[in-house]
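K.L.:
One predicted model, sequence on top.
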Amino acid sequence: MSRYEKLFKKKRIEDYNYLLAKEQPLSYGTESLQKTILNLEFSNVDNKFKTIQVTSTTQSEGKTTVISNLAYLLGQRGKKVIVIDLDLRRPKLHHLVRVPNENGLTDYLLGEKKLDEVLETSEQFGFDYLVAGKRITAIANALTSNKLKELFNLLKEKYDYILLDTPPTYLVSDAYYISKIVDGVLYVVGQNIARKREVKEGIHELNKINTPIIGIILSQVKLRNNQRYYYYGS
Ligand SMILES: Nc1ncnc2c1ncn2[C@@H]1O[C@H](COP(=O)(O)OP(=O)(O)O)[C@@H](O)[C@H]1O
Ligand SMILES: [Mg+2]
């Protein structure tokens, strides 16, 4: 087993408190993530992509991992970044930043907290974040609410990038609701996880909505020596 794989198997990584880009800045994985950012910045010379949704076909393909590494690297490049956990069914961002899933997006949308009470900064990772917040059942209502749209508009004034960790496209409609109110989508495909037909279907359905898919990130790509990397294409 490679050193890289061993590191990914350690508990701290499953806890999402391990950022490859931070801990192994010279690794091939980080290099691929850097290329992803260069591509992103290149397609974004006019700053038209501010709210960026990261989704995938199914769970565990690498969305949260990709988003946290991208946020960290963009922060390193001097960009003002916020990560929002819009995966209201399986929230994970709070594990990465090691806080309880309290005072988050849903609490703000319900009017129980003010914006400055829910926005936090991770000194460790160099980006701001907004955790999912209290569990709610009316998820579709929250994701299609005007208050969420208005929140994006408010945040656009303050940040260069608003990166949205969102549920997968398969089985639930959440990802599609979100894609209607964002500037662009990054689609993560974990190797050998979702079925090809399901991946195609997810991308096809997203294409029906007029939001551009800025890129497709292949994650957990197994190379000859069994290491797993990222690959970016658009
Ligand atoms: N490029 C990668 N190489 C190896 N393991 C990875 C990679 N990306 C993610 N993982 C691991 O796969 C699991 C699922 O990743 P995660 O980012 O939580 O997926 P999602 O957010 O899509 O559900 C985690 O345990 C994570 O550490
Ligand atoms: Mg996730």
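P.N.:
Yep, it's here. Numbers count the residues shown, from 1 in each chain. Ligands and ions are numbered 1, 2, ... in the order given.
K.L.:
alpha carbons only for contacts and neighbour counts from here, please
P.N.:
OK.
K.L.:
Confirm that V188 sits in a helix.
P.N.:
No: using DSSP: H, G, I helix; E, B strand; the rest coil, the secondary structure at V188 is strand, not a helix.
K.L.:
burial of it, as a residue count?
P.N.:
Other residues lying near V188 total 27 when counted by other C-alpha atoms under 10 Å.
K.L.:
what residues are up against it?
P.N.:
V188 is in contact with 54-57, 61-63, 216-219, counting by C-alpha atoms under 8 Å, 6 or more residues apart in numbering.
K.L.:
So which of those residues is the closest to Y159?
P.N.:
For these, the closest approach to Y159 (C-alpha to C-alpha) belongs to V54, at 17.1 Å.
K.L.:
Surely that closest one and T65 touch.
P.N.:
No: under the criterion of C-alpha atoms under 8 Å, V54 makes no contact with T65, lying 10.5 Å away.
K.L.:
Please say which of those two ends up with more neighbours.
P.N.:
Neighbours per residue, other C-alpha under 10 Å: of V54 and T65, the larger number sits with V54, 28 against 21.
K.L.:
so what's that one scoring on pLDDT?
P.N.:
Looking at V54, its pLDDT stands at 97.
K.L.:
ok, stretch 33-51 near ligand 1 or not?
P.N.:
No: Stretch 33-51 does not reach ligand 1 (C-alpha under 6 Å from any ligand atom); its nearest approach is 9.8 Å.
K.L.:
And that stretch, what's buried?
P.N.:
By 16 or more other C-alpha atoms under 10 Å, the buried positions in stretch 33-51 come out as 33-37, 39-40, 49-51.
K.L.:
All the helices of this structure, residue numbers only.
P.N.:
Counting by DSSP state H, the chain has helices at residues 3-9, 11-14, 20-23, 28-42, 63-76, 93-97, 105-109, 115-118, 139-143, 146-158, 174-179, 196-208.
K.L.:
What is the least confident helix or strand in this protein?
P.N.:
Least confident helix or strand of the chain, by mean pLDDT, DSSP states H and E, is helix 11-14 with a mean of 44.
K.L.:
what's the least confident stretch among the helices of the chain?
P.N.:
Across these, the lowest-scoring stretch is helix 11-14, with a mean of 44.
K.L.:
For L38, give its distance to ligand 1.
P.N.:
18 Å (C-alpha to the nearest ligand atom, to the nearest Å).
K.L.:
what is the orientation angle of the top strand by length along the chain with helix 196-208?
P.N.:
When the chain is parsed with DSSP state E, its longest strand is strand 213-222. Angle between the axes of strand 213-222 and helix 196-208 is 160 degrees (criterion: axes from the mean of the first three to the mean of the last three C-alpha atoms, to 10 degrees).
K.L.:
where does strand 213-222 sit relative to the chain's centre, distance-wise?
P.N.:
Centroid separation between strand 213-222 and its chain, computed with C-alpha atoms, centre = their mean, to the nearest Å, is 13 Å.
K.L.:
Tell me if it is near ligand 1.
P.N.:
Yes: residues of strand 213-222 are located near ligand 1 by C-alpha under 6 Å from any ligand atom, namely 219-220.
K.L.:
helices or strands up against that strand?
P.N.:
strand 184-190, strand 228-233 (3 or more C-alpha pairs under 8 Å, 6 or more residues apart in numbering; DSSP states H and E).
K.L.:
lowest-confidence stretch among those?
P.N.:
Lowest mean pLDDT of those: strand 228-233, a mean of 60.
K.L.:
now, among the contacts of V188, which is nearest to G111?
P.N.:
Proximity of these to G111 (C-alpha to C-alpha) peaks at V54, which lies at 26.0 Å.
K.L.:
For that closest one, which residues are in contact?
P.N.:
Neighbours of V54 in contact, by C-alpha under 8 Å, 6+ apart: 63, 67, 163-166, 185-188.
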